[in-house]
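K.L.:
just to be clear, the model below is a prediction. Sequence and coordinates:
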Amino acid sequence: MHVNEGWVPETPVEGVLHAFTRIGRRLKSKQAGDTIDHSAHLVLFVLRCNGALRLSDLAAKMEIDASTASRHVRALEQAGLLQRSADPDDGRAFRVELTEQGIAEWEAAAKRRMQLLSQAMDGWTQSDIETFEKLMTRFADGVINLVDERDAGKAWADKGWAAAAAAHRNDVQNVENNQ
């Protein structure tokens, strides 16, 4: 069931933006069983994918400032999900890495979100799911490549969905009017 959330997409591209906004809000919200918030899960995810990292490298991979990364690390360390270790390349620096408890927390959270996605696709054919995965991956790669090329540090989505959609509509109308 589609719930009208105040803004109705006028084009398929706007529909994609609207869908991502709706999905993102729900995937970022705490799920039953979560013990930490979404941003903390991102720290766990980055460390799970990369292994031990210096704080500056963690912040860079998350595209946040070092002070924000430091706050997350401190809280996750106090929760027993992260630990610090000496950096083998620089004795003055430290790296952060997941503890066994941190790995377990990440895996449990990932499982909960995978179950949510699986339930949302209940009734889909295997072919539909495979096609959806290919298209989503292609789309994600396209967005990431464009944002990385601009190297602006902030995704266009940070400007707000409605403003971006309005600008897109104006650009399309200007092109059509000039033809």
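P.N.:
Now that the structure is in, tell me what you want to look at.

K.L.:
mean confidence score for stretch 69-79?
P.N.:
Stretch 69-79 comes out with an average pLDDT of 94.

K.L.:
got the contact list for that stretch?
P.N.:
Residues outside stretch 69-79 that contact it (CB atoms under 8 Å, 6 or more residues apart in numbering) are 35-36, 39-40, 43-44, 55, 58-59, 62, 82-84, 96, 102. All C-beta spots, glycine's among them, are computed from the backbone N, C-alpha and C.

K.L.:
out of those, who has the most neighbours?
P.N.:
Neighbour counts for the contacts of stretch 69-79 peak at Val43, which has 27 neighbours (criterion: other CB atoms under 10 Å).

K.L.:
gap between it and Thr137?
P.N.:
24 Å (CB to CB, to the nearest Å).

K.L.:
please apply the same query to Asp87.
P.N.:
34 Å.

K.L.:
compare the two (neighbour count), which wins?
P.N.:
Neighbours were counted for Asp87 and for Thr137 using other CB under 10 Å; Asp87 has more, 14 against 10.

K.L.:
spit out the contact partners of the more buried one.
P.N.:
Arg54, Ala93, Phe94, Arg95.

K.L.:
out of the contacts of stretch 69-79, which sit inside strands?
P.N.:
Counted as lying in strands by DSSP state E, out of the contacts of stretch 69-79, are Leu82, Gln83, Arg84, Val96.

K.L.:
got the residues you listed as JSON lines, with pLDDT and distance to Arg74 columns?
P.N.:
What follows is the ones in strands among the contacts of stretch 69-79, written out as JSON lines (pLDDT from 0 to 100; distance: CB to CB, whole Å):
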{"residue": "Leu82", "pLDDT": "96", "distance to Arg74": "9"}
{"residue": "Gln83", "pLDDT": "96", "distance to Arg74": "12"}
{"residue": "Arg84", "pLDDT": "94", "distance to Arg74": "10"}
{"residue": "Val96", "pLDDT": "96", "distance to Arg74": "10"}
